[in-house]
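# Below is the sequence, then the predicted model.
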Amino acid sequence: MESLTFDLLSTYWSRPEVTTNVIIFFNLLGSLALGLLVGYERSYRGRAAGMRTYGLVCMASAAVISATGFHTYWYGGLAAHDVIDPARVIQGVVTGIGFLGAGIIMKDGLNISGLTTAASIWASSAIGVLVGVGFYAAAILLALLSATFMMWGSKIDTYLPMRHAVSVAVTFKKNFVPREEDVRRIAHERGYEIAKGTISIIYRNEQAEWRFVGVSMGKKRSAPIMDLATELPTFEGVESFHLSHARN
């Protein structure tokens, strides 16, 4: 190992090293700004992951890729210049961010939420990768498209034929025995069909609890969730219930 000398330390502050650090600095600054832009939309809507999460993810991704791209300047330019495959580094970044996104996804019974936020965190890492390799215009475009689509993408439901889903959990009174054909008929009369394979039945303390997902047969044909909440208590044998949108 080479002894620590002033000449050795000075290599870390040579002109090429300083130039490289300045370039990486602007990469980090730009990726942070773009990450904050995407995260603002999630923060504005009260999601679990906000501006700080997106900013850090995007900036960290840019830092990793930038460091890989300038590997010839590692350790003051004195390290062995082995060939580094950036694709493997990018693969590691997006895989690691995938675990972070998985922590955002929450499942409550048949209801799943957080999918959009998890996908947008993954997109934020891609923005950082683009900044890290110097594709600034593409990074800006991806950030703008991500934020715009998350903000206005739900408006597409207004113009396109969509089938929304409702997660239903009904607890029946003691000793009341519900029949599947009756449940399906009631759902059908209100514009819903029970999704295949979603019926789950729990029986405890002489009470039956049914859980299933109802898929609308059309926007204008299905009753709003608030109307369903008003009607459910009036049905025979229903003691309590829980309704929520099945996809978020």
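That came through, no problem.
# use CA for all of it now, contacts and neighbours both
Fine.
# does residue 62 count as helix, strand or coil?
Under DSSP: H, G, I helix; E, B strand; the rest coil, residue 62 falls in the helix class.
# domain parsing for the protein?
In the domain annotation for the chain, the residue ranges read 6-157, 165-245 (automatic domain parsing).
# Any idea how far apart the tips of stretch 226-237 sit?
One end of stretch 226-237 to the other measures 20 Å (CA to CA, to the nearest Å).
# can you check stretch 229-236 too?
Stretch 229-236 end-to-end distance (CA to CA) = 14 Å.
# Distance-wise, check the residue nearest to the spatial centre of the chain relative to residue 42.
Closest to where the C-alpha atoms of the chain average out (CA atoms, centre = their mean) is residue 118, at 1.4 Å. With distances taken as CA to CA, residue 118 is found 11 Å from residue 42.
# What is the subsequent helix or strand relative to the longest strand along the chain?
Ranked by residue count under DSSP state E, the longest strand found in the chain is strand 207-216. Per DSSP states H and E, the first helix or strand lying C-terminal to strand 207-216 is helix 225-231.
# tell me, which of the domains of the chain is the model least confident about?
Set side by side, those give their lowest mean pLDDT on domain 6-157, at a mean of 75.
# about what we covered before: spatially, what comes nearest to the residue nearest to the centre of the chain if we skip its sequence neighbours?
Once flanking residues are discounted, residue 118 sits nearest to residue 101: 4.2 Å by CA to CA, 6 or more residues apart in numbering.
# Verify the stated contact: that neighbour with residue 121.
Yes - counting by CA atoms under 8 Å, residue 121 is a contact partner of residue 101 at 6.3 Å.
# just checking, what packs against the helix or strand hosting residue 128?
According to DSSP H and E, residue 128 maps onto helix 115-133. In terms of contacts (3 or more CA pairs under 8 Å, 6 or more residues apart in numbering; DSSP states H and E), helix 115-133 is packed against helix 15-44, helix 51-69, helix 86-102, helix 136-152.
# most packed of the ones you listed?
Neighbour counts (mean count of other CA atoms under 10 Å) averaged over each of the helices and strands packed on helix 115-133 peak at helix 51-69, with a mean of 23.
# how close does the closest residue to residue 40 other than its chain neighbours sit to residue 58?
In space, and not counting its chain neighbours, residue 40 is closest to residue 51: 5.2 Å by CA to CA, 6+ apart. For residue 51, the distance to residue 58 equals 11 Å [CA to CA].
# between the two, what contacts are shared?
Residues touching both residue 51 and residue 58 (CA atoms under 8 Å, 6 or more residues apart in numbering): residue 35.
# any idea of the angle the helix holding residue 128 forms with helix 51-69?
Helix 115-133 runs at 30 degrees relative to helix 51-69, counting by axes from the mean of the first three to the mean of the last three CA atoms, to 10 degrees.
# Name the residues of helix 115-133 that are buried.
Neighbour counts over helix 115-133 (16 or more other CA atoms under 10 Å) mark 115, 117-133 as buried.
# count of residues packed around residue 200?
By other CA atoms under 10 Å, the residues close to residue 200 number 13.
# Quick check: chain neighbours aside, which residue is closest to it?
Residue 200's closest residue in space is residue 211 (CA to CA, 6+ apart), at 5.0 Å.
# what sits opposite the one you found in the beta ladder?
residue 169, residue 200 (DSSP bridges).
# Run through the residues that contact residue 141.
By CA under 8 Å, 6+ apart, the contact set of residue 141 is empty.
# if you set the cut-off to 10 Å instead, what comes out?
For residue 141, the contact set (CA atoms under 10 Å, 6 or more residues apart in numbering) comprises 34, 127, 147.
# pretty sure residue 201 is in contact with residue 210, am I right?
Yes - using CA atoms under 10 Å, residue 201 is in contact with residue 210, at 4.7 Å.
# Identify the contacts common to those two.
Counting by CA under 10 Å, 6+ apart, the residues touching both residue 201 and residue 210 are 169-171.
# Go through these and say which is closest to residue 67.
residue 169 (51.3 Å; CA to CA).
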